[in-house]
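Undergrad: Following is a predicted model, sequence given first.
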Amino acid sequence: MPAKKPAKAKKEAKAKQGNEKPAAKAVKKPAVKPEEGLIEQEKPQMEKVEAKPKPAEKEVAAAEKKVPGQKKVPDQKGTGGAGKDPWKVINFPHLAEKSMNMVEFDNKLTFIVRKSATKKEIKEAVEKLFDVKVLRVQTEVTPKGVKKAYAKLGPEHSASEIASRMGMV
């Protein structure tokens, strides 16, 4: 058996016979420096566009005009007219065993109130309806979506007396 020829030698031998083209040699290209050959492109300038003024709203402008001599009435947020009538804040007293225990032991009254009523509105309504001093108001919204208010009365007032006036006891 004849000795094995290296792969390169085999390719050259075949190229001589005309079956294959001679292998191309890799030619290294000279490295191009970034400064050379690169053309700096001009960056397009953004045009400034002026914002269009918003059209004046006639309704807002008319509402903001103040009539001479007219006093501005403070906006009663969330009252819905409840500032005048306390029964618009308080729907009815809550009658349950827990509520009755709170009347007897904690000097608290329990009411079902309007869902949008604030603690301040509830306090003012209870004070106005029953002529008592309310120390604090706690509220909760039940899973049924009903808002309960617990009004703790001052020590000089008896919750059981007020409950009996309302017909709870």
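TA: Good, I have the coordinates. These figures come from a predicted structure and were not determined experimentally. Numbering: from 1, shown residues only.

Undergrad: Can you read off the backbone torsions of the nearest residue to residue 158 once chain neighbours are set aside?
TA: Nearest residue to residue 158 in three dimensions, chain neighbours excluded: residue 107, at 7.1 Å (CB to CB, 6 or more residues apart in numbering). Backbone N, C-alpha and C define where each C-beta goes, glycine included. Phi and psi for residue 107, reported as degrees, to the nearest 10, are phi 60, psi 40.

Undergrad: Residue 107: neighbouring residues, count only.
TA: 18 (other CB atoms under 10 Å).

Undergrad: tell me the contacts of it?
TA: 152, 153, 155, 157, 158, 159 (CB atoms under 8 Å, 6 or more residues apart in numbering).

Undergrad: Tell me which entries of those residues lie within helices.
TA: residue 159 (DSSP state H).

Undergrad: Can you tell me which of the contacts of residue 107 are buried?
TA: 153, 157, 159 (16 or more other CB atoms under 10 Å).

Undergrad: export those residues to a markdown table and tack on distance to residue 134 and pLDDT?
TA: A markdown table is the format used below for the buried ones among the contacts of residue 107 (distance: CB to CB, whole Å; pLDDT from 0 to 100):
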| residue | distance to residue 134 | pLDDT |
| --- | --- | --- |
| 153 | 6 | 96 |
| 157 | 9 | 95 |
| 159 | 11 | 94 |
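
Undergrad: which one among the residues you listed gets closest to residue 93?
TA: When those are compared for distance to residue 93 (CB to CB), residue 159 wins out at 10.8 Å.

Undergrad: if we can go back for a sec, which pair in the contacts of residue 107 spans the largest distance?
TA: 152 and 158 (12.5 Å).

Undergrad: Can you tell me, leaving aside adjacent residues, what's nearest to residue 130?
TA: Per CB to CB, 6+ apart, closest to residue 130 is residue 162, 5.2 Å.

Undergrad: One more: residue 142?
TA: Closest to residue 142 by CB to CB, 6+ apart is residue 148, at 6.4 Å.

Undergrad: and the one you found, what are its bridge partners?
TA: residue 112, residue 140 (DSSP bridges).

Undergrad: can you tell me the distance between the two ends of stretch 106-119?
TA: 19 Å (CA to CA, to the nearest Å).

Undergrad: Ok, stretch 110-122 next?
TA: 11 Å.
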